[in-house]
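1. Fold the following for me, if possible:
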Amino acid sequence: MAGTVDPYFGVGNVSKVKNQTNRPLLPLVAVQTAASSGAHLTKYSNITDLVTGQKKLIVDEAIVPQAAVFDYGVTLDSPLELTLDGGLDGIAHAWEVFMGATGQSYYTKMKEVARACLRLIVSGLPKVKKDARDRQARLCLGLGTDLGGYSIMLGGTSGPHLGSFSLIDVLSHGRACAILNPYYTVLFAPRIQDQLTVFAEILKEGGFIKARTEGKKGRALAMLVARGMIQFSKSLGFPATLSEAGVSKAHLKQMIQAAKDPQLKMKLQNMPTPMETERGDLDRLMKPTLEAAFTGNLELIPQE
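-> Prediction:
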């Protein structure tokens, strides 16, 4: 049915081929080895095209592993940088899905999952950085990132994940998402007030928000959370802006162009305020948000 992987990109195309050929997939038992992606739990597969420098998605229930093995001890010898990137990816999974859950039937469940996931990773990741063989911290990180994987089975990630797909030559996936998420958090402020309250409490517990959060709302609360997320990344030694990470203006153009790919439209639809290419939302909302992430100036982010 297909001589290359390209026809499988998008949603449900593996199942189409499986049903048309009446051929089952090979059984798969997946083991988490990096405490990060949640790939051992999910319907998502990322494929990187090294020629174009662009990452694309295969999303299909058919590729969910038949079984998953949970032994976080296998991550004890994982490279520290890989572990840190994976922890940030776990945060991105939970936070992006939680932001996009506004008005959805799974909101209450996602709130419970996100609160546990974010608390586990925000508390566990600094401890792993201090001692990579801290078993208790590894357990927290493993449980947290697994909840991140569970998150993307409840809902879907959005802008930060989409943007990261165009930065593979300069940034790891976790770092790219960690840089972009604070800026999208401010953009979505009017639609995520309850979510902001949850994350603000966790970041304050971790010491990453020093200011008072009581009584804060709207964009002001989003700014506090965004700055807390940035402080968390800095505490791990990660860059806080795209320019600091070596991203170029050409990358920004590539990110906008990639967002217009129909195979990645799901990411635009997963946003708390879904974006439409035809409506000019990418130039009106995404472009200035990416410019804010490039410079570190939160004030550049438009108000919906």
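2. For the rest of this, base every contact and every neighbour count on C-alpha atoms.
-> Fine.
3. quick check: domain ranges of the protein?
-> 6-69, 80-300 (automatic domain parsing).
4. would a markdown table of the ones you listed with mean pLDDT be doable?
-> Converted to a markdown table, these look like this (pLDDT from 0 to 100):
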| stretch | mean pLDDT |
| --- | --- |
| domain 6-69 | 84 |
| domain 80-300 | 95 |
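5. Can you say which of these is packed in most?
-> domain 80-300 (a mean of 20; mean count of other CA atoms under 10 Å).
6. For L41, give me its contacts.
-> Applying CA atoms under 8 Å, 6 or more residues apart in numbering to L41 gives the contacts A30, V64, P65, A68, D146, G149, Y150.
7. Quick check: the gap between the second one and Y150.
-> For V64, the distance to Y150 equals 12 Å [CA to CA, to the nearest Å].
8. picking up where we left off before, filter the contacts of L41 down to just the ones in strands.
-> A30, A68 (DSSP state E).
9. Could you tell me the end-to-end distance of stretch 30-42?
-> 10 Å.
10. How about stretch 251-269?
-> End-to-end distance for stretch 251-269, by CA to CA: 22 Å.
11. cool, and stretch 276-296?
-> One end of stretch 276-296 to the other measures 25 Å (CA to CA).
12. which residues are contacting it?
-> Applying CA under 8 Å, 6+ apart, the contact partners of stretch 276-296 are 179-180, 183-184, 187, 240-244, 247, 252, 256, 259-260, 268-269, 275, 298-302, 304.
13. Pick the one among the contacts of L41 closest to D89.
-> Nearest to D89 out of the contacts of L41 is G149 (CA to CA; 9.6 Å).
14. Please report the distance of the nearest residue to the closest one once chain neighbours are set aside from I152.
-> Distances taken as CA to CA, 6 or more residues apart in numbering put G38 closest to G149, at 4.2 Å, once the chain neighbours are dropped. Distance, G38 to I152, by CA to CA: 9 Å.
15. can you check P272 too?
-> As judged by CA to CA, P272 and I152 stand 15 Å apart.
16. ok so the residue nearest to G149 is a strand residue?
-> No - when the secondary structure is assigned by DSSP: H, G, I helix; E, B strand; the rest coil, G38 falls in coil instead of a strand.
17. Tell me if I'm right that it and L143 touch.
-> No - counting by CA atoms under 8 Å, G38 sits too far from L143 to count as a contact (10.2 Å).
18. so which strand or helix has A200?
-> helix 193-205 (DSSP states H and E).
19. Residues touching that helix, excluding its own?
-> 98-99, 111, 115, 118-119, 122, 209-210, 213, 217-218, 221-222, 224-225, 228-229.
20. Could you find the closest non-adjacent residue to L118?
-> Nearest to L118 is I91, by CA to CA, 6+ apart, at 6.0 Å.
21. ok now the helix or strand encompassing the one you found, how far from the chain's centre?
-> Per DSSP H and E, I91 falls inside helix 80-100. Computed by CA atoms, centre = their mean, to the nearest Å, the separation of helix 80-100 from the middle of its chain amounts to 5 Å.
22. just the angle between it and helix 193-205, please?
-> Inter-element angle recorded for helix 80-100 and helix 193-205: 150 degrees (by axes from the mean of the first three to the mean of the last three CA atoms, to 10 degrees).
23. N46 belongs to a helix?
-> No - under three-state DSSP, N46 falls outside any helix and is assigned strand.
24. Now that it has come up, it's in contact with K55, right?
-> Yes - N46 lies in contact with K55 (CA under 8 Å); the separation is 6.6 Å.
25. what's the distance between the spatially most central residue of the chain and A176?
-> The C-alpha lying nearest the average C-alpha coordinate of the chain belongs to A92 (CA atoms, centre = their mean; 3.0 Å). Applying CA to CA, the value for A92 to A176 is 10 Å.
26. Give me the contacts around the longest helix seen in the chain.
-> For the chain, the longest helix by residue count, based on DSSP state H, is helix 107-130. With contacts defined as CA under 8 Å, 6+ apart, helix 107-130 is touched by 80, 84, 87, 90-91, 94-95, 97-98, 101, 134, 137-138, 140-141, 143-145, 147-148, 151, 154, 195, 198-199, 202-203, 206, 232, 235-236.
27. and it, how far from the chain's centre?
-> Worked out by CA atoms, centre = their mean, helix 107-130 lies 13 Å from the chain centre.
28. Report the angle between that helix and helix 193-205.
-> 20 degrees.
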